[in-house]
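# Sharing a sequence plus its predicted fold:
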Amino acid sequence: MDVLKNKIDIELFLLCYNEQKMIPHALNYYAKFCNRITIFDNDSTDNSVELIHDFDQNIRVLRLDSNGEHREDLLIETRNNCWKESTADYVIVCDMDEFLYDEFLVEKLLLSKERKIAIPIIVGYNMRATRFPDDYSTLITKQ
């Protein structure tokens, strides 16, 4: 995966609000293939920001100030515009509990880049479980 990571530039933008249980899963997963990660924290009241800073990757955290309110308009604006200054080959924009998963995701993106395909077709999945996956040493996609 690291060899492929050097051949394609993928930038990730994540939205976060009180996601302390999901942060380790998301960062363990996305850090394997994303070159840059930016997290927009929507005034989390748990220890989300501290967990992000404890992660051993260079992750940029930006504050998304909603004055303590749920503001769908602000979230939509952020999703629609956060990536526009990116120079990456591909960008991923999602919530902390969303995973863009495909067994061969990086390989498909690399092939799409070589073929000059702007938006490759990737299948998404909803996660369902009878318990919350709490093994942070194993990728959530394997649990």
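Great, that's in hand.
# could you pull out the helices for the chain?
With DSSP state H applied, the chain shows helices at 2-5, 23-30, 48-54, 72-81, 105-114, listed in chain order.
# how about TSV for those helices, with mean neighbour count, distance to Ile122 and mean pLDDT added?
Backbone N, C-alpha and C define where each C-beta goes, glycine included. Listed next are the helices of the chain as TSV, based on neighbours: other Cβ atoms under 10 Å; distance: least, Cβ to Cβ, whole Å; pLDDT from 0 to 100:
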stretch	mean neighbour count	distance to Ile122	mean pLDDT
helix 2-5	11	15	57
helix 23-30	21	14	94
helix 48-54	16	25	91
helix 72-81	13	17	90
helix 105-114	17	7	89
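# count of neighbours near Ala88?
By other Cβ atoms under 10 Å, 15 other residues sit near Ala88.
# With the one 5 residues further on instead?
Applying other Cβ under 10 Å, we find 20 residues neighbouring Val93.
# just checking, it touches Asn81?
No - in this structure, Val93 is not within contact of Asn81 by Cβ atoms under 8 Å, at 9.7 Å.
# I'd guessed Phe33 sits against Phe104; true?
No - Phe33 is beyond contact range of Phe104, at 11.2 Å (criterion: Cβ under 8 Å).
# The two - which one has more neighbours?
For Phe33 versus Phe104, neighbours defined as other Cβ under 10 Å are more numerous around Phe33 (17 against 10).
# Not counting sequence-adjacent ones, nearest residue to that one?
Val106 (4.8 Å; Cβ to Cβ, 6 or more residues apart in numbering).
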